[in-house]
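Asker: test case, fold it:
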Amino acid sequence: MRKEEDIIKDGTEQDDPDAPMTAIVAILLAVVTVASVLALQGYFGKVQDAELRNKVVDVQPADLRKAREEGKALLEGYRWVDKEQGVVAIPIERAMELSMDRMVK
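Answerer: Numbers count the residues shown, from 1 in each chain. Below is the predicted model of the structure:
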């Protein structure tokens with residue numbers, strides 16, 4: 001329903017859109033869109049780096065992992081080196097303590 005005062009003599013409406021308000025809304029929408037895109041790019045960049053680190057950098061091959069575990073077991077455990085001679089391997093930490101005690105004495 002149109003009001004009679006909104007209609008001019010030729011039969012068209014006089015109610016024009018508010019150009020300054022339309023421009024302000026368009027500018028705000030553009031700013032929000034750009035900010036959203038930049039925020040999402042930063043977020044996805046961090047997620048991508050974390051995923052790459054988890055899948056590629058932090059993953060060790062099985063043979064390397066096994067070799068490290070075996071080496072660690074050799075350094076941190078007791079075992080016979082030569083049972084007939086009575087030679088025993090001791091954990092590296094204990095060996096360092098004994099060496100320090102000998103050096104101090």
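
Asker: tell me, how many residues neighbour A89?
Answerer: The tally of other residues near A89 (other CB atoms under 10 Å) stands at 14. Heads up, the C-betas are built off the backbone N, CA and C, glycines and all.

Asker: so who does P20 touch?
Answerer: Under the criterion of CB atoms under 8 Å, 6 or more residues apart in numbering, P20 has no neighbours.

Asker: pLDDT value on the spatially most central residue of the chain, please?
Answerer: By CA atoms, centre = their mean, the chain has its centre lying nearest to A50, at 3.2 Å. According to the prediction, A50 has pLDDT 91.

Asker: which SSE is it in?
Answerer: In the assignment (DSSP states H and E), A50 maps to helix 19-52.

Asker: following the chain onward from that helix, which element is next?
Answerer: Heading C-terminal from helix 19-52 (DSSP H and E), you reach helix 62-76.

Asker: residues in contact with that following helix?
Answerer: With CB under 8 Å, 6+ apart as the test, helix 62-76 has contacts from Q60, A89, P91, I92, E93.

Asker: next SSE downstream of it?
Answerer: Using DSSP H and E, the next helix or strand after helix 62-76 towards the C-terminus is strand 79-82.

Asker: partners of that next one, with directions?
Answerer: According to DSSP bridges, strand 79-82 forms sheet pairs with strand 87-89 (antiparallel).

Asker: quick revisit: out of the contacts of helix 62-76, which is nearest to L40?
Answerer: Using CB to CB, Q60 is the member of those that lies nearest L40, at 32.7 Å.

Asker: distance of that closest one from K66?
Answerer: 10 Å (CB to CB, to the nearest Å).

Asker: which of the contacts of helix 62-76 sit farthest apart?
Answerer: So, the contacts of helix 62-76 by CB to CB: farthest apart are Q60 and A89, at 25.5 Å.

Asker: residue ranges in this protein under the pLDDT threshold?
Answerer: Within the chain, the stretches with pLDDT under 70 are 1-15, 59.

Asker: okay, now the domains of it?
Answerer: 17-59, 62-105 (automatic domain parsing).

Asker: closest to R79 out of the contacts of helix 62-76?
Answerer: Distance to R79, by CB to CB, is smallest for A89 among those, at 5.0 Å.

Asker: many thanks, we can stop here.
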